[in-house]
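Student: Okay, predicted coordinates and the sequence, questions at the end:
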Amino acid sequence: MSLIDKTASGVKWSSISQIGRQLMQLVTTLILTRLLSPSDFGLVGMAMVVTGFIALFHDLGTSSSVIQKKVTSEVFLSSIFWVNAAFGLSAMVIILLFAPLAANLYHEPRVSLILKLLSLSFLISGLSIVQQAILERELAFKKLAKVEMVASVSSSLVCIGAALLGAEVWSLVYQTLMFVTVTTVLLWTSSDWRPKAVFHWGEVRSVRSYSLNLTGFYIFNYFARNADYILIGRFLGAQNLGYYMMAYRIMFYPIQTISAVMGRVMFPVYSQIQEDEVRFRRIYLKVIGAIGLITFPMMMGVWGLAQTFVLTLFGSQWKPVILLLMILAPVGLIQSIVTTVGTIYQAKGRTDWMFRLGVATGLIAVLAFVIGLQWGIVGVAGAYTIATILCLYPNFIVPFKLINLKMQDLGDTLWRPFLGSLMMLGGILGLKYAFPPGLTSGQILCILVPVGIIIYLAASWWMNREQAEEFLHVAGIH
């Protein structure tokens with residue numbers, strides 16, 4: 001298969017895996033809400049605060065170094081394997097030691113045992129990080145999709161079965177352990193590579209800077225991205241935080257899904273062509289063009305239909321979300337493209353640049369949250385949008401230097417889907433205000449969504465046919 005065909009296959013199978021797992025998790029959650037009590041979910045949530053923090057360190061960025069490195073040796077791969085195995089063991093020991101302290105903090109003794117059982121997941125998952133990285137490096141996303149879907153289904157079945165048998169909170173713990181165990185076993189059977197009984201510190205040291213800078217970025221980005229939640233929860237209360245979180249999730253969920261799929265596939269692709277800047281630039285522009293085709297109309301649709309959408313799906317008690325959605329929609333539009341630059345840093349081996357710029361833009365965002373806080377949740381959302389716009393240019397110009405890409409090329413790629421989305425927005429807003437009185441928000445939504453899709457597809461086919469056909473080809477539709 002050519003690189004283009006492998007990329008198209010990778011996007012298709014990663015999308016199938018991502019959507020399939022999310023649907024499975026949704027169905028499982030709906031079933032479990034009938035079988036388990038809210039306190040069961042709360043207990044696991046308490047434990048996840050601890051395991052989530054430890055998971056930030058994950059593989060210390062070593063799996064990305066396996067994918068990015070042009071040439072890998074058996075000694076290098078085995079050395080990285082043993083580092084990850086050691087980290088998995090260390091993470092388990094740390095959680096075992098701190099489990100009683102966490103239980104005391106929450107005043108809930110059961111959290112200690114939950115954490116002790118969940119600590120096994122770090123030991124188990126640490127044994128398959130290199131195997132997964134190798135499969136991603138080889139663009140074997142069909143194999144990975146099968147592994148992930150089997151693990152998702154089997155863990156959900158175990159969880160539901162345990163809940164039916166009265167396992168209560170432990171059924172959720174079994175789900176996590178089952179998922180990582182099945183994933184690890186299947187990754188070993190799907191990969192031909194096996195670790196050797198060798199370790200060379202020099203091989204690990206050769207990627208130390210790359211890996212630590214990447215890990216540092218992930219940790220700082222985690223806290224910067226959650227600073228708005230922390231500030232709102234601390235100073236504005238739980239209800240305001242609930243409104244803000246709902247708006248943020250509606251805005252960010254589709255972007256996160258698309259970015260997860262494209263970023264996962266394109267990183268190994270870019271790594272293979274990291275020295276061919278002409279090809280790198282051409283493929284990158286095609287990718288962001290495809291993303292813009294999807295996310296631009298989505299975000300403009302969210303902006304134009306915020307009121308109808310919220311009232312139809314959530315009810316009048318969530319009215320404050322409407323304005324927040326309209327304020328945050330531009331953030332979603334911008335971030336859908338900004339998130340793609342991370343793979344440039346990683347593929348070119350400049351995670352140090354990624355970390356430094358991430359710290360700078362993260363501090364700007366946190367400062368904006370603090371300033372906006374005095375105007376409530378609307379102020380925080382507005383500050384987030386302003387900070388995103390202020391950081392737009394540096395977020396692109398710095399990584400673009402690594403592949404000699406011009407901002408003009410970015411504009412030339414994105415103006416057509418942007419204009420097509422504006423045409424769609426104008427069409428649905430004009431039709432919305434032309435409706436006779438008496439229609440419910442649900443009826444309006446059912447009419448405007450398909451009309452908006454038709455307008456956007458017609459506009460794209462009229463002025464952006466080449467990009468639309470390329471997208472259909474990559475998606476395996478055309």
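Tutor: Happy to help now that I have it.
Student: hey, let's count contacts and neighbours off CA atoms from now on
Tutor: Fine.
Student: Glu136 reaches Gln68, doesn't it?
Tutor: No: using C-alpha atoms under 8 Å as the test, Glu136 is too far from Gln68 to be in contact (10.5 Å).
Student: if I look at these two, which residues touch both of them?
Tutor: Common neighbours of Glu136 and Gln68, using C-alpha atoms under 8 Å, 6 or more residues apart in numbering, are Pro268.
Student: tell me what the longest helix belonging to the chain is packed against?
Tutor: For the chain, the helix that runs over the most residues, judged by DSSP state H, is helix 238-272. With contacts taken as 3 or more C-alpha pairs under 8 Å, 6 or more residues apart in numbering; DSSP states H and E, helix 238-272 sits against helix 3-35, helix 62-68, helix 129-137, helix 208-235, helix 277-304, helix 320-338, helix 342-347, helix 376-390.
Student: What are the buried residues along the third one?
Tutor: By neighbour count on 16 or more other C-alpha atoms under 10 Å, the buried set for helix 129-137 is 129-137.
Student: That one vs helix 238-272, what angle?
Tutor: Relative orientation of helix 129-137 versus helix 238-272 (axes from the mean of the first three to the mean of the last three C-alpha atoms, to 10 degrees): 70 degrees.
Student: And for the first one?
Tutor: In terms of direction (the same axes, to 10 degrees), helix 3-35 departs from helix 238-272 by 150 degrees.
Student: and helix 3-35, how far out from the chain's middle?
Tutor: Relative to the mean C-alpha coordinate of its chain, helix 3-35 is positioned 13 Å out (C-alpha atoms, centre = their mean, to the nearest Å).
Student: Please apply the same query to the last one.
Tutor: If you compare the mean C-alpha spot of helix 376-390 with that of the full chain, they lie 21 Å apart, counting by C-alpha atoms, centre = their mean.
Student: what residues does the helix or strand just after it touch?
Tutor: Next helix or strand after helix 376-390 toward the C-terminus (DSSP states H and E): helix 392-402. The contact list for helix 392-402 (C-alpha under 8 Å, 6+ apart) reads 334, 338, 341, 344-345, 348, 357, 406-407.
Student: got it, and stretch 382-390?
Tutor: So stretch 382-390 is in contact with 327-328, 330-331, 334, 364-365, 368-369, 371-372, going by C-alpha under 8 Å, 6+ apart.
Student: lowest-pLDDT helix or strand in this protein?
Tutor: Every helix and strand of the chain was ranked by mean pLDDT, DSSP states H and E. The lowest is helix 465-474, at a mean of 69.
Student: rewinding a little: so can I have a markdown table of the buried residues of helix 129-137 showing distance to Leu177 and pLDDT?
Tutor: Formatted as a markdown table, these follow (distance: C-alpha to C-alpha, whole Å; pLDDT from 0 to 100):
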| residue | distance to Leu177 | pLDDT |
| --- | --- | --- |
| Ile129 | 16 | 94 |
| Val130 | 19 | 95 |
| Gln131 | 19 | 96 |
| Gln132 | 18 | 95 |
| Ala133 | 21 | 94 |
| Ile134 | 23 | 94 |
| Leu135 | 22 | 94 |
| Glu136 | 23 | 93 |
| Arg137 | 26 | 92 |
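Student: just those residues now: which is nearest Ile219?
Tutor: Ile129 (19.0 Å; C-alpha to C-alpha).
Student: OK, contacts around the residue nearest to the closest one when sequence neighbours are not counted?
Tutor: Distance criterion C-alpha to C-alpha, 6 or more residues apart in numbering; nearest residue to Ile129, sequence neighbours excluded, is Ser63 at 6.5 Å. Contacts of Ser63 were listed using C-alpha under 8 Å, 6+ apart, and they are 129-130, 133.
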